[in-house]
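[1] sequence unknown, structure follows:
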């Protein structure tokens, strides 16, 4: 069974490469999680370090018993037991085998064991398949939205002008 462990700085290059492959790869081998309405990198070292400078940020790597990097997730502990989940990533060549569900459940368990009572996340609204995937796993749209950072090229180059984020939440 795979386990979540805190990522080490030595893991950052693999985490960055896998995140970009999972979210932005345009090759024929891409997974279903590709954000095809945004070009360029999903994350780089500078952005990752900025994210991890957030108080309470945890970057967790998910490895199988042999040590293979299957995926990773960022969890930020927040006030009143409300945590934020981001960059949930599974290797594209291992998607559609239940690993995403298992990583999400492990992430929720990890946060719950540390006092989380709710998990929140943002998902690009136009990624209907991904929003539906989270809803099937117990998350609900809150009705809250957040703007897409069009003025910050660190997040990629949007190919359409109407992007924004839906906020989803789940009680643990």
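    Sure thing, it's come through. Predicted model only: the values in this text are computed from it and were never measured. Numbering: from 1, shown residues only.
[2] CA atoms for contacts and neighbours, from now on please.
    Fine.
[3] give me the low-pLDDT residue ranges for this structure?
    Under the criterion pLDDT under 70, the flagged ranges of the chain are 1-2, 25-36, 94.
[4] Ramachandran angles for the most far-flung residue of the chain relative to its centre?
    The centre of the chain is farthest from one residue, residue 66, which by CA atoms, centre = their mean lies 23.3 Å away. Dihedral pair for residue 66: phi -90, psi 0, per degrees, to the nearest 10.
[5] Check the gap between residue 7 and residue 68 for me.
    13 Å (CA to CA, to the nearest Å).
[6] can you map out the helices along the chain?
    12-24, 45-52, 99-112, 128-136 (DSSP state H).
[7] Contacts for the longest one, please.
    Counting by CA atoms under 8 Å, 6 or more residues apart in numbering, helix 99-112 makes contact with 3-4, 62, 71-73, 75, 77, 83, 88-90, 119, 137, 172, all of which sit outside it.
[8] Buried ones among these?
    Using 16 or more other CA atoms under 10 Å as the burial test, the contacts of helix 99-112 include 4, 62, 71-73, 75, 77, 83, 88-90, 119 as buried.
[9] among the residues you listed, which two are most distant?
    77 and 90 (21.7 Å; CA to CA).
[10] Need phi/psi at residue 40.
    phi 90, psi -170.
[11] Now do the contacts for it.
    Per CA under 8 Å, 6+ apart, neighbours of residue 40: 24, 155-157.
[12] can you tell me which of these are in strands?
    residue 157 (DSSP state E).
[13] could you dump the contacts of residue 40 to a markdown table with distance to residue 56 and neighbour count?
    Below are these laid out as a markdown table (distance: CA to CA, whole Å; neighbours: other CA atoms under 10 Å):
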| residue | distance to residue 56 | neighbour count |
| --- | --- | --- |
| 24 | 27 | 23 |
| 155 | 22 | 18 |
| 156 | 25 | 18 |
| 157 | 29 | 17 |
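[14] returning to what we had before: now render the helices of the chain as CSV, adding distance to residue 163.
    Converted to CSV, the helices of the chain look like this (distance: least, CA to CA, whole Å):
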stretch, distance to residue 163
helix 12-24, 16
helix 45-52, 20
helix 99-112, 24
helix 128-136, 12
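[15] out of those, nearest to residue 147?
    Closest among those, using CA to CA: helix 128-136, at 16.4 Å.
[16] Would you point out which residue is most central in this structure?
    residue 87 (1.9 Å).
[17] Quick check: closest non-adjacent residue to that one.
    residue 73 (5.4 Å; CA to CA, 6 or more residues apart in numbering).
[18] Tell me how many other residues crowd residue 45.
    12 (other CA atoms under 10 Å).
[19] got it, and residue 68?
    Residue 68: 10 neighbours (other CA under 10 Å).
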